[in-house]
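Participant: With the input below, show me the fold.
(one chain, ligands or ions: 2)
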Amino acid sequence: MSDVIQIKNIKRDFQLGQETVKVLKGIDLNIRKGDYVALMGPSGSGKSTLMNLLGCLDTPTSGSYILSGKDVSQLSDDELAEIRNKEIGFVFQTFNLLPRTTALDNVALPMIYAGKSKKDRDARATEVLKNVGLGDRMDHKPNQLSGGQRQRVAVGRALVNKPSIILADEPTGNLDSKTSVEIMNLFNEIHAAGNTVILVTHEEEIAEHAHRVIRLRDGMIESDQRNR
Ligand code: ADP
Ligand code: MG
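Facilitator: Numbering: from 1, shown residues only. Ligands and ions are numbered 1, 2, ... in the order given. Got it, this is the predicted structure:
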């Protein structure tokens, strides 16, 4: 069984003035390739802090994180940036698109860092935009797109370099319920295509799409249940 993520006793403290705030208090977690995980828990329980560690946007105070067989727990910022570009697709609640850039160029952006030619970037970004249902919106800028379409662009950007894991922190948090269902159906398709997907949600109906539900409470894993 190949585990794409192996985490042992991860802790994350933050320093606030004189005070040390212990946010993650010892997390053990293995996630196998192709799994579909929902991460739940009350506001402030540490979900985003954990997602940022999983996504190599941050490093732990202590503990180890092995991603695709490589220890990424104590890398420099430059090394982390390289791992992120290669291994991670991250989708944010607020989409985080470049506002003055077309859907095509937003999706193509991670391939610039990966050193792909313009021709290859355009071909792959076109393919990905078609896959996320935006074949007819490639030249639109974010403010010419609906919220759901913006999130589709962000999902396309996350997929474009074929990462080892797709992480999404409350990807439907800014969307109405009908659009949320459409975006969740897109994540279902992405998982069915063989991707490893981990997403944070507050809503039980959204979490039901996943095959495994992990609940955090106060910086610790409270429960870890497999549905399928
Ligand atoms: P969740 O995503 O589950 O709502 P977060 O991971 O965002 O929770 O935050 C968990 C706790 O960690 C909160 O109490 C938050 O204030 C604290 N926290 C998060 N990031 C920082 C930081 N950079 N500095 C200090 N405290 C932080
Ligand atoms: Mg959060």
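Participant: Next, the contact list for the residue nearest to H140 when sequence neighbours are not counted, please.
Facilitator: Spatial nearest neighbour of H140, chain neighbours left out: A103 (5.4 Å); criterion: Cβ to Cβ, 6 or more residues apart in numbering. All C-beta atoms are positioned from the backbone trio N, CA, C, and that covers glycine. Applying Cβ atoms under 8 Å, 6 or more residues apart in numbering, we find A103 in contact with L129, L134, R137, M138, D139, H140, K141, P142, L145, Q149, V153, G156.
Participant: Would you agree the second one is in contact with G156?
Facilitator: The reference is to L134. Yes. Counting by Cβ atoms under 8 Å, L134 touches G156, with 7.0 Å between them.
Participant: who has more neighbours, the two?
Facilitator: Ranked by neighbour count (other Cβ atoms under 10 Å), L134 and G156 place G156 first, with 26 against 21.
Participant: need the residues of the protein near ligand 2, please.
Facilitator: Within the chain, the residues that sit near ligand 2 (Cβ under 5 Å from the ion) are K47, S48.
Participant: Pick out the residue of the chain closest to ligand 2.
Facilitator: In the chain, no residue comes nearer to ligand 2 than S48, which is 3.2 Å away by Cβ to the ion.
Participant: Was I right to think that residue contacts V200?
Facilitator: Yes. A contact is recorded between S48 and V200 when judged using Cβ under 8 Å, the distance being 7.1 Å.
Participant: Return every residue with contacts to both of these two.
Facilitator: Contacts common to S48 and V200, judged by Cβ under 8 Å, 6+ apart, are D169.
Participant: of the two, who's got more company?
Facilitator: V200 (24 against 19).
Participant: which residues does that one contact?
Facilitator: For V200, the contact set (Cβ under 8 Å, 6+ apart) comprises A38, L39, M40, K47, S48, M51, A168, D169, E170.
Participant: ok, now R137?
Facilitator: Contacts of R137 by Cβ under 8 Å, 6+ apart are A103, L129, L145, Q149.
Participant: ok, now with 7 Å
Facilitator: Going by Cβ atoms under 7 Å, 6 or more residues apart in numbering, R137 touches A103, L145, Q149.
Participant: Break down this protein into its strands, ranges please.
Facilitator: Secondary structure of the chain by DSSP state E: the strands cover 3-16, 19-32, 36-40, 62-67, 70-71, 88-92, 165-169, 196-200, 212-217, 220-226.
Participant: The fourth one: partners in the sheet, and parallel or antiparallel?
Facilitator: Think strand 62-67. Counting by DSSP bridges, the strands paired with strand 62-67 are strand 3-16 (antiparallel), strand 70-71 (antiparallel).
Participant: The first one and ligand 1, any residue contact?
Facilitator: It stands for strand 3-16. Yes. Judged by Cβ under 6 Å from any ligand atom, strand 3-16 comes into contact with ligand 1 at F14, L16.
Participant: still on that earlier bit, mind checking the strands of the chain for the one nearest to M111?
Facilitator: Nearest to M111, of all these, is strand 88-92, at 12.4 Å by Cβ to Cβ.
Participant: Counting by contacts, list what that closest one packs against.
Facilitator: Judged by 3 or more Cβ pairs under 7 Å, 6 or more residues apart in numbering; DSSP states H and E, strand 88-92 is in contact with helix 147-159, strand 165-169.
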